[in-house]
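> Pasting a predicted model and its sequence here:
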Amino acid sequence: MQAKKQMRKSKKGVELDMAPMIDCVFLLLIFFMVATTFAPMPGLRVQLPPPGKPNPNKPKGLIIRIANPEPGQFQGVMMLNEDVVQFENMFDMLVNKPDEVKSMLIIQSERDVMHEQIIRIMDISKQSGIDKIGFAVVARE
Amino acid sequence: MAFLEGRRSKDRDTGLQMAPMIDCVFLLLIFFMVTAIMKVEPNFTVTLPRSDTQHEFPRKKFNVFIGQNDEISVDDQVFNLDSMERFLASHKDHISTLIIKGDKYARHGTVIDVMERAKLQLDKEDGQEIALAVREEL
């Protein structure tokens, strides 16, 4: 009888202790608040043509050709159509082209050209109002 | 005297109500747990190129990293071109924008190869697109 009474009493006493749980939850909350970043990722959008259909027509418009960089160099030589072009005068050359050829720019580059150089050309061509950019690379040997 | 006592007992009752606060805190906790995207990076370093024109994309999982020495990895798993394509194919339902984080000194040929393979797996009609990441200006 006495044992039963005691058991009942202890059962009533069992209560979820809130304080440590709240401590834990707060800690988790603060961790996730600090770890979350809402800042977007900056990038350049690329819209590629559907796969498996390379355009058979010879592309008209602007073509920038980039050669492999010389050993120890970070940039390859760039040719805009037939003229050698530098980053410094590329914007002026692109802006002054007539509107009908400004519909598209094709970046024809060798495989060892560095990614930074391509991003910079994309950047300059967007600033000069050319939004369509195509990529062409030399096939792998 | 009775007035004083009444006041004191009222004081004792004004304890902080725990239950609604805990409800709020739990709600916030669940919100942050669901929205948090953990940053996973490969074991090689990638320095993004900088650019003046840029578009803003929401951060997502499944970023493709391309290193200086042609390393390819999706988040922290290292791949080659074929296994990367297979990986993207099996996770394509979870990809809306595939962000390619190419190192500034990565070879353009490798970047093009990765874009070609990714293009085969992503569906433009479903709004899946590819972006080249550039450096965040601080």
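Done, it's in.

> what residues are up against the nearest residue to A:Pro42 once chain neighbours are set aside?
Closest residue in space to A:Pro42, ignoring its immediate chain neighbours: B:Gln54 at 4.3 Å, by C-beta to C-beta, 6 or more residues apart in numbering or on different chains. To be clear about C-beta, it is placed using only N, CA and C from the backbone, and glycine gets the same treatment. By C-beta atoms under 8 Å, 6 or more residues apart in numbering or on different chains, B:Gln54 lies in contact with A:Pro42, A:Gly43, A:Leu44, B:Val134.

> send the alpha carbons of stretch A:85-96 over as CSV?
What follows is stretch A:85-96, C-alpha atoms only, in CSV (Å, rounded to 0.1, in the frame of the first residue of the first chain):
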residue,chain,number,x,y,z
VAL,A,85,42.4,44.1,-79.8
GLN,A,86,43.3,44.8,-76.2
PHE,A,87,41.0,45.1,-73.2
GLU,A,88,41.6,48.9,-73.1
ASN,A,89,40.2,49.6,-76.6
MET,A,90,37.7,46.7,-76.8
PHE,A,91,34.8,48.6,-75.4
ASP,A,92,35.2,51.5,-77.9
MET,A,93,35.6,49.1,-80.8
LEU,A,94,32.5,47.1,-79.9
VAL,A,95,30.4,50.2,-79.2
ASN,A,96,31.2,51.7,-82.6
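
> Which residues belonging to that stretch are considered buried?
Buried residues in stretch A:85-96, counted by 16 or more other C-beta atoms under 10 Å in any protein chain shown: A:Val85, A:Met90, A:Met93, A:Leu94.

> for it, what is the average pLDDT?
For stretch A:85-96, mean pLDDT rounds to 83.

> ok, that stretch near chain B or not?
No: applying C-beta under 8 Å from any C-beta of the partner chain, one finds stretch A:85-96 separated from chain B by no less than 10.7 Å.

> Contacts for that stretch, please.
Residues from elsewhere that reach stretch A:85-96 (C-beta under 8 Å, 6+ apart): A:62, A:64, A:78-80, A:83, A:102, A:105, A:120-121, A:124-125, A:127-130.

> Now list the buried members of the residues you listed.
Neighbour-count burial (16+ other C-beta under 10 Å) is assigned, among the contacts of stretch A:85-96, to A:Leu62, A:Ile64, A:Met78, A:Leu80, A:Lys102, A:Leu105, A:Arg120, A:Ile121, A:Ile124, A:Ser125, A:Ser128, A:Ile130.
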